[in-house]
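Peer 1: Would you be able to build a 3D model of this:
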Amino acid sequence: MWRLPASWGGWVTKVGGFAPEPPPGRAALDWLPGVGFFAFACVLVQPALAATAYLRFNQLGAETGQPARAYLVTSAPIGPATFKIGTQTGTVGASTGSWGAYTIYPIDFTVGTPGRYKMTISGGLSLVSDQFTVGDPRALYQRALSNSLAFFQNQRDGADVIQSTLRSAPAHLNDSRATVFSTPVLTKSGLIAGPLAPTGETIDASGGWWDAGDYLKFVETHSYTAGVLLTGVRDFPDQMGPGSAADFTGEAKFGLRWLQRMWNDQTSTLYYEVGIGIDFAGQPTLRDHDLWRLPQVDDTLGGTDPASQYIRHRPVFAAGPAGAPISPNLAGRLAADFALCFIDFRTTDLAFAQACLQSAEHIFALADTSPKRLLTALPYGFYPETEWRDDLEWGATELSLALMLGGRALPAHLPHADAAYYLSQAAHWARAYIAGPNDAADTLNLYDVSGLAHFDLIRALDLAGNPSGLAVTQADLRSDLARQLAHAAAQATSDPFGFGFPWATSDTASHGDGLSVLASQYAYLSGDGTWTVAARRWMGNVLGANVWGAAFLIGDGSNFVDCPQHQVANLAGSLAGGRPVLAGAVVEGPNAAGAVAHGTLSGMRACPGHGADRYAMFTGNGARFRDSVENYASTEPAIDLTATSPLMFAWRMAVAPAPLIR
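Peer 2: Below you'll find the model as predicted:
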């Protein structure tokens, strides 16, 4: 199947010459020589012009009556040009800079009436676009929000699989009786130094979401993801809650169930990983990353071959002995998750909610507040997190809200039943973050949750009547959010596409989603429409308004990633943009390492099949994106990368969160 046109395109026009027949599997409209596959061709009326021109847009559309921006990308500077959309006319803006060999021009427009439109450019360049949609945000983003839900459903592990065109069978059923091991010692080169040492425990580690394109499961990424989804269910019930078209309630609960299995509240023991992603020194033992297969084969892989023992029976790693201090990044996030669990489920599943809240308080009390190094994954280099104060702020904030909102649903015998205790803790850790070494050095993503924590702490202070004597005020928290956004705005001025995060840095797509959420939060808090515009533009950057003309959210728009480094998508999905695809998945995106190929494994389907790097010509400004199954640095999706995207769409659709008391 070939990719059907969507409402908004990453349009491309090559001036002069003619187009030969497209490769097999693509429609003629999708392909032009030398530039690869794109969604829409623009019609040029100046065939003699020796230039190549591209129009780049948010591929989901433009919001009715709101400022929107497209970009004209040309291989040679052009003179003054005008544009027309319907009856509206305007001037193509002055160049915002260059990207590699290309010159970038902004096109700012506002369309006040919903409908389907074409853009005509005249003057320095003459072309006509295909049709695009202008509409209400609730219509523009609904399918993308539903795609996000589908991604998490396709990432499910265990027996509770949701059947889809990609998923046909349960997987890793042996996880239900998994052996627990102590964290092994690693060699200087990062290999496991010796045999694994069992602790004597066997636990049920089944369920949960796979971390990324492989089948490992980490509390580090899972706890972040669950917290973001639970926030969306609470704050945007009409978009992500029960009865909505994309109801994340069941998925959030599915994620919580696995986190409950990874925490033994009776013995105060945390388990942080299922599976092995690194090699043993001098031992021919297979790890998850050595194989390319569908997940349902693992339970019986290799029969009794000892080399496959940790594929068939995946190890679980304990964070420490019973009652040991917990790395504060994990303690804070898990406390936030379980407190949000209580808030979200206290009226529909009281016993579940109360068990969550008790775990939240117990975990928070065990947080190691003087860590030498954070615990994330095995090895630490998989997720080298360094900030943790924001996690403790987030956990304490959600605990304070749970106690304020709980009423008669609160369980008996909580260690702390007074919301003021956790409000004080939240303020303390917010101050520690603001005064710490990483304040405003990052934006909302796996490694920095201060945006979520600050926003909810402001709301918690409101509910508590703004008590005096705390370590921070609402003004302090708003100012710190503003600092993060000011850094992003400064970065945007130096980028020809106005992106608020450096394209040459890792996880660009998820940072764009996080920036859009932060800007929406601040617009709500401040009433400053500048940040509403920024929220739309940064969302647009990861949905096609970039030099590559690609949406880094699979299945959204007309030109998205075809070749994710994801085993199920590669083995059971389309490799050319048709159905099925891993809809809703957010990939790593462009970065400095985007061209690095990491080789193939037996069974991997070649993608792209034609072998061409269709984005190579757009390498520039230190960043590259290559759509290839071999390039995980560009194309691997992950649960933490995707987590913020449904929250981003919900903000755009709802404009404001629902009241905490309702």
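Peer 1: So, low pLDDT: which residues of the stretch 401-550 of the chain?
Peer 2: Applying pLDDT under 70 to the stretch 401-550 of the chain flags no residue at all.
Peer 1: How many neighbouring residues does Asp337 have?
Peer 2: By other C-beta atoms under 10 Å, 32 other residues sit near Asp337. From N, CA and C alone the C-beta is placed, and that goes for glycine too.
Peer 1: where do the helices sit along the stretch 501-650 of the chain?
Peer 2: Using DSSP state H, counting those that start in this stretch, the helices found in the stretch 501-650 of the chain span residues 508-526, 529-542, 567-572, 632-635, 639-654.
Peer 1: nope, the stretch 251-400 of the chain is what I was after
Peer 2: 309-312, 328-345, 350-365, 389-406.
Peer 1: which one of the helices of the stretch 501-650 of the chain lies closest to Leu330?
Peer 2: helix 639-654 (13.7 Å; C-beta to C-beta).
Peer 1: elements contacting the closest one?
Peer 2: helix 137-140, helix 142-154, helix 219-235, helix 237-240, helix 508-526, helix 529-542 (3 or more C-beta pairs under 8 Å, 6 or more residues apart in numbering; DSSP states H and E).
Peer 1: and if we set it to 6 Å?
Peer 2: helix 137-140, helix 142-154, helix 219-235, helix 237-240, helix 508-526 (3 or more C-beta pairs under 6 Å, 6 or more residues apart in numbering; DSSP states H and E).
Peer 1: Format these as a markdown table; extra columns: distance to Gln491.
Peer 2: Below are the helices and strands packed on helix 639-654 laid out as a markdown table (distance: least, C-beta to C-beta, whole Å):
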| stretch | distance to Gln491 |
| --- | --- |
| helix 137-140 | 25 |
| helix 142-154 | 25 |
| helix 219-235 | 23 |
| helix 237-240 | 29 |
| helix 508-526 | 10 |
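Peer 1: Can you lay out those as CSV showing mean neighbour count and distance to Thr249?
Peer 2: As requested, the helices and strands packed on helix 639-654 are exported to CSV (neighbours: other C-beta atoms under 10 Å; distance: least, C-beta to C-beta, whole Å):
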stretch, mean neighbour count, distance to Thr249
helix 137-140, 18, 19
helix 142-154, 23, 10
helix 219-235, 27, 6
helix 237-240, 22, 8
helix 508-526, 27, 20
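Peer 1: coming back round to it: tabulate the helices of the stretch 251-400 of the chain (TSV), appending distance to Ala419.
Peer 2: Below are the helices of the stretch 251-400 of the chain laid out as TSV (distance: least, C-beta to C-beta, whole Å):
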stretch	distance to Ala419
helix 309-312	45
helix 328-345	11
helix 350-365	12
helix 389-406	4
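Peer 1: domains of the chain?
Peer 2: When the chain is parsed with automatic domain parsing, its domains come out as 12-134, 141-545+639-654.
Peer 1: quick one on the thing from earlier: figure out which of the helices and strands packed on helix 639-654 is closest to Arg408.
Peer 2: helix 219-235 (19.1 Å).
Peer 1: Burial check on the closest residue to Ala281 other than its chain neighbours, number of neighbours?
Peer 2: The shortest distance from Ala281 to any residue other than its chain neighbours is 4.0 Å, reached at Leu191 (C-beta to C-beta, 6 or more residues apart in numbering). For Leu191, the count of nearby residues is 16 (other C-beta under 10 Å).
Peer 1: For Ala307, see how far away Leu191 is.
Peer 2: From Leu191 across to Ala307, the span is 16 Å (C-beta to C-beta, to the nearest Å).
Peer 1: Compare the helices and strands packed on helix 639-654 and give me the one nearest Asp439.
Peer 2: helix 508-526 (14.3 Å).
Peer 1: helices or strands next to that closest one in the packing?
Peer 2: helix 474-493, helix 529-542, helix 639-654.
Peer 1: Now tell me what touches it from outside.
Peer 2: Under the criterion C-beta atoms under 6 Å, 6 or more residues apart in numbering, residues 443-445, 451, 455, 478, 481, 485, 488, 500-501, 531-532, 534-535, 538-539, 541-542, 552, 586, 589-590, 641, 644-645, 647-648, 651, 656 lie in contact with helix 508-526.
Peer 1: From those residues, keep the buried residues only.
Peer 2: 443-445, 451, 455, 478, 481, 485, 488, 500-501, 531-532, 534-535, 538-539, 541-542, 552, 586, 589-590, 641, 644-645, 647-648, 651 (16 or more other C-beta atoms under 10 Å).
Peer 1: Setting aside sequence-adjacent positions, which residue approaches Asp391 most closely?
Peer 2: Asp391 sits nearest to Gly332 (C-beta to C-beta, 6+ apart), 2.8 Å away.
Peer 1: before we move on, what SS does the nearest residue to Gly115 once chain neighbours are set aside have?
Peer 2: Nearest non-adjacent residue to Gly115, counting by C-beta to C-beta, 6+ apart: Val134, 6.0 Å away. Here Val134 is strand, with the state taken from DSSP: H, G, I helix; E, B strand; the rest coil.
Peer 1: Pull the contacting residues for Val134.
Peer 2: So Val134 contacts Ala62, Thr64, Val111, Pro114 (C-beta under 6 Å, 6+ apart).
Peer 1: can you do 8 Å?
Peer 2: Gly61, Ala62, Glu63, Thr64, Val111, Thr113, Pro114, Gly115, Arg116, Tyr117 (C-beta atoms under 8 Å, 6 or more residues apart in numbering).
Peer 1: Tell me if I'm right that Leu357 and Pro415 touch.
Peer 2: No. Look at Leu357 against Pro415 with C-beta atoms under 8 Å: they stay out of range, at 10.6 Å.
Peer 1: ok, those two, which is more surrounded?
Peer 2: Each of Leu357 and Pro415 has its neighbours counted (other C-beta under 10 Å); Leu357 has more, 26 against 10.
Peer 1: so where's the stretch 551-662 of the chain uncertain?
Peer 2: Within the stretch 551-662 of the chain, the stretches with pLDDT under 70 are 594-595.
Peer 1: Nearest to Leu350, out of the helices of the stretch 501-650 of the chain?
Peer 2: Using C-beta to C-beta, these put helix 639-654 closest to Leu350, at 26.2 Å.
Peer 1: Which parts of the stretch 151-300 of the chain are strands?
Peer 2: 178-181, 198-203, 217-218, 263-264, 269-274 (DSSP state E, counting those that start in this stretch).
Peer 1: so which of these is the most packed in?
Peer 2: Stretch with highest mean neighbour count among the strands of the stretch 151-300 of the chain: strand 217-218 (a mean of 28; mean count of other C-beta atoms under 10 Å).
Peer 1: So what touches that strand?
Peer 2: Residues outside strand 217-218 that contact it (C-beta under 8 Å, 6+ apart) are 157, 205, 208-211, 258, 272-275, 376-377, 382-383.
Peer 1: Gly406: which of these is nearest?
Peer 2: Of all the contacts of strand 217-218, Gly406 sits closest to Trp258, with 24.0 Å by C-beta to C-beta.
Peer 1: OK, contacts around the closest one?
Peer 2: Here Trp258 is in contact with Ala205, Ser206, Gly207, Gly208, Trp209, Lys217, His222 (C-beta under 8 Å, 6+ apart).
Peer 1: Quick one: the residues you listed as JSON lines, columns for distance to Val581 too.
Peer 2: Output for the contacts of Trp258, formatted as JSON lines (distance: C-beta to C-beta, whole Å):
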{"residue": "Ala205", "distance to Val581": "29"}
{"residue": "Ser206", "distance to Val581": "27"}
{"residue": "Gly207", "distance to Val581": "24"}
{"residue": "Gly208", "distance to Val581": "23"}
{"residue": "Trp209", "distance to Val581": "18"}
{"residue": "Lys217", "distance to Val581": "23"}
{"residue": "His222", "distance to Val581": "24"}
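Peer 1: now, which of those residues sits nearest Trp388?
Peer 2: Nearest to Trp388 among the contacts of Trp258 is His222, at 17.0 Å by C-beta to C-beta.
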